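>>> Sequence plus the predicted model coming up.
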Amino acid sequence: MKGESIILGKSKKFALRIIKLYTYLRDKKRVFVISKQILRCGTSIGANVKESTMAQSRPDFYSKLHIALKEAAETEYWLELLHESGFLEKKYFDSIYIDCQEILKILTAIIITKQPIKTNK
């Protein structure tokens, strides 16, 4: 349960950073399409992690965490594009990108360590 509580906090803080990034991109850089994409997937990570805490079953729990993992991977992609296209300065990119990668690692660890071992019978 410790990993789950850590990911709840980290994904919520990350979502708040993504909201600020969205506002910056929209208002200062006038980037509309990509800013909406990163807002959607970057905040969806925490929403799916939160949903997993109320899962109806183990498969439902894993489904929500897998969705969160996929959303984190998509967020990572949009961050890379924003940086490589010059819309996101290196200093800010490095900070938020590290947070995104940490979330990816935590989600992966939770999924791997919590899944039951399948046996061939």
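Sure, I can see it.

>>> buried stuff in the helix or strand encompassing I96?
Element membership for I96 (DSSP states H and E) is helix 90-114. Across helix 90-114, burial judged by 16 or more other C-beta atoms under 10 Å covers 92-93, 96-97, 99-100, 103-104, 106-107, 110. Backbone N, C-alpha and C define where each C-beta goes, glycine included.

>>> any idea how far the nearest residue to K90 once chain neighbours are set aside is from I110?
By the measure of C-beta to C-beta, 6 or more residues apart in numbering, the closest residue to K90 outside its immediate chain neighbours is H83, 7.0 Å from it. From H83 over to I110 the distance is 27 Å, taken as C-beta to C-beta, to the nearest Å.

>>> contacting residues for R40?
If you count contacts by C-beta atoms under 8 Å, 6 or more residues apart in numbering, R40 has none.

>>> now do F14
Residues in contact with F14 (C-beta under 8 Å, 6+ apart) are 42, 45-46, 96, 99-100, 103.

>>> Now do whichever helix or strand it is part of, average pLDDT.
Using DSSP H and E, F14 falls within helix 2-27. For helix 2-27, mean pLDDT rounds to 92.

>>> Helix, strand, or coil at the most centrally placed residue in the chain?
Compute the mean C-alpha point of the chain, and by C-alpha atoms, centre = their mean the closest residue is A72, 3.2 Å away. Put simply, A72 is helix when judged by DSSP: H, G, I helix; E, B strand; the rest coil.
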